[in-house]
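Enquirer: Sequence first, then the predicted structure, then my questions.
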Amino acid sequence: MAIFSTDQVKDKIEAKQHELGTVKQSIELDHEELAMRDDIRKNSDQMLAEYASREKELEATLAHEQKLLGSLDMVRKPFEEMKAELAQGKSDFTKDERATQEKNARALEESEERLRSFDLTHTERLSDEEKERRHGLAEDVKLRNQALSAADEALRQAGKRFDESQKPVYDNIAAVKNNLDRHQKAVQDAQIELEDIALKRAYVTDCITDNTGDDELHSVIRRKENKAEAIQKEIEKLEKQQHAHESLIRFLWACLIVFAAFLIFGLMHVLGD
């Protein structure tokens, strides 16, 4: 029972040590933030000037990209119409092959259904005539599968011929799309960076004009230090408890050894007499 209690105390000590390490690490991070805020105050003029310069560049970039995007918006409708016309053209070009493919798909489905129906209604041993009939149904399914595969390939080849014949149109569509995507991304990137600069400027301004953040951090650090101190005291208390358990165990072992020695000595004395 004592050994079990010692293991429990050891587990509690390890858990508290882990908690103490986490609190101390958090305190270190708070001190780093205080130091960073102090550095910001020292370098605030340079930082704000850099933000203003970068903001000016980004605003110029954003205006330029938005203008380009506006110009491209004029071709967006014709671009979408071109895509729709191309899709319709491909549909018309492959009309016969698609009709054949759909016809063969339906024929295969009907053939498979006939075979399933036969198997469901013929659960007993088949006669020779029934075996021949089933073989014919299975062969029909096989042939329908082959026909559908051939129709699929014919449709694929027809689509490929159309795509090759319209390559310049596809290239034009891809070029327009790439331009739209590129300028849209440039606008988004500029907007995101401008928002980031606004947040940074606000933080620098807060460090310069308001010490409330520092006061709050000092208060947080004091609370965490008090918590760390309390945890350390708990660890010391648990360590004393662990030491007491270990001392008790050593004492009990010593008593057991002495008792065993006296017992052996007594037995030897009795046997000797």
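Expert: Here it is on my side, so go on.
Enquirer: what residues are up against Asp140?
Expert: Applying Cβ atoms under 8 Å, 6 or more residues apart in numbering to Asp140 gives the contacts Ser111, Arg114, Leu115. (Glycine included, C-beta is placed from N, CA and C.)
Enquirer: Buried ones among those?
Expert: Buried residues within the contacts of Asp140, counting neighbours by 16 or more other Cβ atoms under 10 Å: Ser111, Leu115.
Enquirer: and Phe162, what does it touch?
Expert: Each residue near Phe162 by Cβ under 8 Å, 6+ apart is listed here: Gly89, Lys90, Phe93, Thr94.
Enquirer: Make sure Arg54 is actually in contact with Asp196.
Expert: No. Counting by Cβ atoms under 8 Å, Arg54 does not reach Asp196; the two are 9.9 Å apart.
Enquirer: gap between the nearest residue to Phe93 once chain neighbours are set aside and Asp96?
Expert: Nearest residue to Phe93, sequence neighbours excluded (Cβ to Cβ, 6 or more residues apart in numbering): Phe162, at 4.5 Å. Distance of Phe162 to Asp96, computed by Cβ to Cβ, to the nearest Å: 12 Å.
Enquirer: Any idea how many residues pack against Glu164?
Expert: 9 (other Cβ atoms under 10 Å).
Enquirer: repeat for Asp11
Expert: 11.
Enquirer: For the strand or helix carrying it, what is the distance to the chain centroid?
Expert: For Asp11, the enclosing helix or strand under DSSP states H and E is helix 2-93. Helix 2-93 sits 16 Å away from the centroid of its parent chain (Cα atoms, centre = their mean, to the nearest Å).
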